[in-house]
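Q: fold the following for me, if possible:
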Amino acid sequence: MKHRPTGAAIALLLFILIAPSGARAFDREALATLRGGTAGWNAMRTRDGGTPVDLYKADLEDADLKGADLRRTVLVRSELGGANLNGADLREANLQMAFIGKADLKGADLSRAWLVKANLKSSFMNGARFREANLAGANLRWTSLRQADLSGANLQNTVLFEANLSGADLSGANLGGATFLPNANLDGATFTASTILPSGQNADAGWCTRHRARFLKGAPPSTRSWPEKPAVEHVAPAVPKPGAATKGGGMPAVAAAQQQEVLFEDVEAWNRMRRQHPEMKVELKKEKLESSSLEGADLREADMAESSLSGTTLDNADMRNANLRGAELRKADMKGARLQGANLEGANLDRAFLKDADLSGASLRGTMLYGATLAGTDLAGADLTGASLFDADLTGSDLRGANLEGANVMDADFTDALVSETTILPSGRKATRGWASMNRARFTTNK
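A: Numbers count the residues shown, from 1 in each chain. Purely as a prediction, here's the structure:
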């Protein structure tokens, strides 16, 4: 929950800065209504004529949403693990990168929904409709999609390991680049000449016979029909324009008790204050900073140990040498963040987005990074001893000199990750060309 500034902090900021501020599009009242029950939620949707609702990063784990009207709802990066979505209407909903593992979606309608890179692992989706939905890069491992309608859906680069697609309609679907399709159950699944296989070739009777699928002859050719962009999108919080006018020229030092309020009110003003008062110590230990917008914030050497930053936007933030030991950073946005030398020991970064971040030399001992996105991240010389990297995306990351001894890397993706003999593997041994080859990583002699 966003922290409310105190009167003292507001007065201080009015004195130093006059700048426009934008409110979050995220609708907390709507989320409270949804958590209160489907009946009240559906009545609200009927009253407002189905106006799109923004529930970005909403926590709906294990929620009972049976029959909920979620048409054109923004659920980007939301937590829906274990949720009951039986018969829910999710047409044209935006579920990009949402976690929907072990959820019940039986009979749900997700036609033309946006599910790019969503995690639906182990979900029950028998009879669900994904007609013309975009599921590019989605995780469908161990899902049950019996009798599901996936006609015209985009399934490019999906993970289909041991997915049950028996009786599913895949006519006109694009499975280009999908992995583990041969491991899926395709008994009686319908394919047509316009269905694109993982190889990029069109399906034919011979392929279907070999995989016990059904080839529908004479079906009219189809063209790409899934959406190229989501029907509804999350509107990020407004960011104050740089160069806003400052009254009085300088900025007075801010007491430690007011630091949080100043940081929340205006990041640009905060950054100017830090530049003008480099001696100021940033004390934000054990603070509640959830779902805040701190994009580009100067948090160098800040003490944020055990603070709660779940869902916070920290894109391009400067957190070099910061103390984040034991901090809660679940589902935080940290793209391009600078965390060189930071202490993240025991922190929780489950499903955090750290693409292109710099974590070189950082301490991540025992850190939780389940399902985290670390693509293109610089982890050179980082200490990942005992870290949990289960299902983490490490594609293209730099792991030279990193120590992963005792780390859990099950289902982690090391494609194109850079390793060398200075990289210590979970086994405690040095990385080798053989290990790199088996994990699709790149081995280099450059340390």
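
Q: for the stretch 251-400 of the chain, give me the ranges with low pLDDT.
A: For the stretch 251-400 of the chain, applying pLDDT under 70 flags the ranges 251-261.

Q: ok, now with 50
A: Along the stretch 251-400 of the chain, segments meeting pLDDT under 50 span 251-257.

Q: quick one: the helices in it?
A: For the stretch 251-400 of the chain, the helices defined by DSSP state H, counting those that start in this stretch cover 259-265, 267-276.

Q: convert the longest one to PDB, retaining C-alpha atoms only.
A: Extracted in PDB, the C-alpha atoms of helix 267-276 (Å, rounded to 0.1, in the frame of the first residue of the first chain):
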ATOM      1  CA  VAL A 267      11.900  11.200  -7.200                       C
ATOM      2  CA  GLU A 268      13.400  14.000  -9.100                       C
ATOM      3  CA  ALA A 269      13.400  16.200  -6.000                       C
ATOM      4  CA  TRP A 270      14.900  13.400  -4.000                       C
ATOM      5  CA  ASN A 271      17.700  12.900  -6.500                       C
ATOM      6  CA  ARG A 272      18.500  16.700  -6.500                       C
ATOM      7  CA  MET A 273      18.600  16.600  -2.700                       C
ATOM      8  CA  ARG A 274      21.100  13.700  -2.700                       C
ATOM      9  CA  ARG A 275      23.300  15.500  -5.200                       C
ATOM     10  CA  GLN A 276      23.300  18.700  -3.100                       C
END
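
Q: follow-up on the earlier one: quick check: which of the helices of the stretch 251-400 of the chain is buried the most?
A: By mean neighbour count, with neighbours taken as mean count of other CB atoms under 10 Å, helix 259-265 ranks first of the helices of the stretch 251-400 of the chain at a mean of 21. C-beta coordinates here come from the backbone N, C-alpha and C atoms, glycine included.

Q: if we can go back for a sec, got the helices of the stretch 251-400 of the chain as JSON lines, with distance to E405 columns?
A: Shown next, in JSON lines, are the helices of the stretch 251-400 of the chain (distance: least, CB to CB, whole Å):
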{"stretch": "helix 259-265", "distance to E405": "37"}
{"stretch": "helix 267-276", "distance to E405": "37"}
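
Q: select, out of the ones you listed, the one closest to A347.
A: Minimum separation from A347 across the helices of the stretch 251-400 of the chain (CB to CB) falls at helix 259-265, 19.2 Å.

Q: out of the helices of the stretch 251-400 of the chain, the one nearest L309 is which?
A: The closest of the helices of the stretch 251-400 of the chain to L309 is helix 259-265. By CB to CB, the value is 11.8 Å.

Q: who's in contact with A133?
A: By CB atoms under 8 Å, 6 or more residues apart in numbering, the residues touching A133 are 110-115, 150, 153-154, 226.

Q: of those residues, select the buried ones using a PyMOL command.
A: In PyMOL, this line selects whichever of the contacts of A133 come out buried by 16 or more other CB atoms under 10 Å:
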select buried, resi 110+111+112+113+114+115+150+153+154+226
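
Q: tell me which two of the contacts of A133 sit farthest apart.
A: Of all pairs drawn from those, the greatest distance, 15.0 Å, lies between W114 and L150 (CB to CB).

Q: what's opposite D59 in the beta bridge?
A: Following DSSP bridges, D59 is listed with bridge partners E79.

Q: you'd agree T190 is up against R214?
A: Yes. Using CB atoms under 8 Å, T190 is in contact with R214, at 5.1 Å.

Q: so between those two, which is more surrounded?
A: Taking T190 and R214 together and counting by other CB atoms under 10 Å, T190 has the greater number of neighbours (24 against 18).

Q: mind checking how far that one is from F124?
A: Going from T190 to F124 by CB to CB, to the nearest Å gives 21 Å.

Q: what do you get for A43?
A: Using CB to CB, one gets 27 Å for the distance from A43 to F124.

Q: of the two, who's got more company?
A: Ranked by neighbour count (other CB under 10 Å), A43 and F124 place F124 first, with 18 against 13.

Q: what residues are bridge-paired with that one?
A: Here F124 sits in beta bridges with D104, S144, going by DSSP bridges.

Q: domains in the protein, as residue ranges please.
A: Following automatic domain parsing, one gets these domains for the chain: 26-235, 253-447.

Q: starting at the chain centroid, how far to the longest one?
A: Mean C-alpha position of domain 26-235 versus that of the full chain (CA atoms, centre = their mean, to the nearest Å) differs by 17 Å.

Q: picking up where we left off before, tell me which of the contacts of A133 fall in helices.
A: In helices, judged by DSSP state H, none of the contacts of A133 are found.

Q: from the contacts of A133, which one has the minimum pLDDT?
A: Across these, the smallest pLDDT goes to W226, namely 84.

Q: could you list every residue that touches that one?
A: 112, 132-134, 152-154, 174.

Q: likewise for A436?
A: 419, 442-443.

Q: highest neighbour count among the residues you listed?
A: Neighbour max across the contacts of A436 (other CB under 10 Å) = V419, 27 neighbours.

Q: before we move on, the earlier item: of all the helices of the stretch 251-400 of the chain, which one comes closest to A203?
A: Taking CB to CB, helix 267-276 is the member of the helices of the stretch 251-400 of the chain nearest to A203, at 51.8 Å.

Q: contacts for the helix or strand following the closest one?
A: Beyond helix 267-276 in the direction of the C-terminus, DSSP states H and E gives the next helix or strand as strand 418-419. By CB under 8 Å, 6+ apart, the residues outside strand 418-419 that reach it are 396-400, 431, 435-436, 441-444.

Q: if you set the cut-off to 6 Å instead, what comes out?
A: With contact meaning CB atoms under 6 Å, 6 or more residues apart in numbering, strand 418-419 is reached by 398-400, 431, 436, 441-444.

Q: and what of stretch 160-175?
A: Contacts for stretch 160-175 (CB under 6 Å, 6+ apart): 140-156, 178, 180-181, 183-192, 194-198, 222.

Q: what mean pLDDT does stretch 200-209 have?
A: Averaged across stretch 200-209, pLDDT comes to 95.

Q: how about it: buried residues?
A: For stretch 200-209, a neighbour-count test (16+ other CB under 10 Å) marks 203, 207-208 as buried.

Q: now render those as CSV, adding secondary structure.
A: As requested, those are exported to CSV (DSSP: H, G, I helix; E, B strand; the rest coil):
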residue, secondary structure
A203, coil
W207, helix
C208, helix
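
Q: need those residues in CSV with distance to D27, can you?
A: Below are those laid out as CSV (distance: CB to CB, whole Å):
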residue, distance to D27
A203, 43
W207, 47
C208, 46
